[in-house]
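Peer 1: this one's sequence-less:
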């Protein structure tokens, strides 16, 4: 049966009065980027900009664990320099 062969996240489109290209065009308008997942290849470069983070000083251990340079300015954590997170074409790591 058809139901027995369907697995995963699948959708069906029943179109009787249009062509496949019309369906592709409509679906293409609604494509959104999703969060990077561990093991995927990064599609773009991403970095944390230098400057204030809005986080209070008690959370510096988070940045220290990742070897990200910080300083405390006006009661909040500030990144000393831009820190690259993802590089295009490289695999996303769990950390």
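Peer 2: Yep, it's here. If you're wondering where the values come from, they're calculated on a predicted model, not measured in any experiment.

Peer 1: ranges for the strands of the chain?
Peer 2: 46-48, 51-52, 70-73, 76-79, 83-86 (DSSP state E).

Peer 1: So which of the ones you listed is the most surrounded?
Peer 2: Among the strands of the chain, judged by mean count of other Cβ atoms under 10 Å, the one packed with the most neighbours on average is strand 76-79 (a mean of 17). Glycine gets a C-beta too; all of them are placed from N, C-alpha and C.

Peer 1: and for it, what are the contacting residues?
Peer 2: With contact meaning Cβ atoms under 8 Å, 6 or more residues apart in numbering, strand 76-79 is reached by 48-57, 59-60, 63, 68-72.

Peer 1: quick one: the residue most central in space within the chain from residue 68, how far?
Peer 2: In the chain, the centroid-proximal residue (Cα atoms, centre = their mean) is residue 35; its distance is 2.8 Å. Remark: distance between residue 35 and residue 68 (Cβ to Cβ, to the nearest Å) = 20 Å.

Peer 1: what does residue 60 give?
Peer 2: Noted for residue 60: a distance of 10 Å to residue 68, by Cβ to Cβ.

Peer 1: pLDDT value on residue 36, please?
Peer 2: pLDDT recorded at residue 36 is 81.

Peer 1: With mean pLDDT added, can I get the strands of the chain in JSON lines?
Peer 2: Shown next, in JSON lines, are those (pLDDT from 0 to 100):
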{"stretch": "strand 46-48", "mean pLDDT": "90"}
{"stretch": "strand 51-52", "mean pLDDT": "92"}
{"stretch": "strand 70-73", "mean pLDDT": "92"}
{"stretch": "strand 76-79", "mean pLDDT": "92"}
{"stretch": "strand 83-86", "mean pLDDT": "90"}
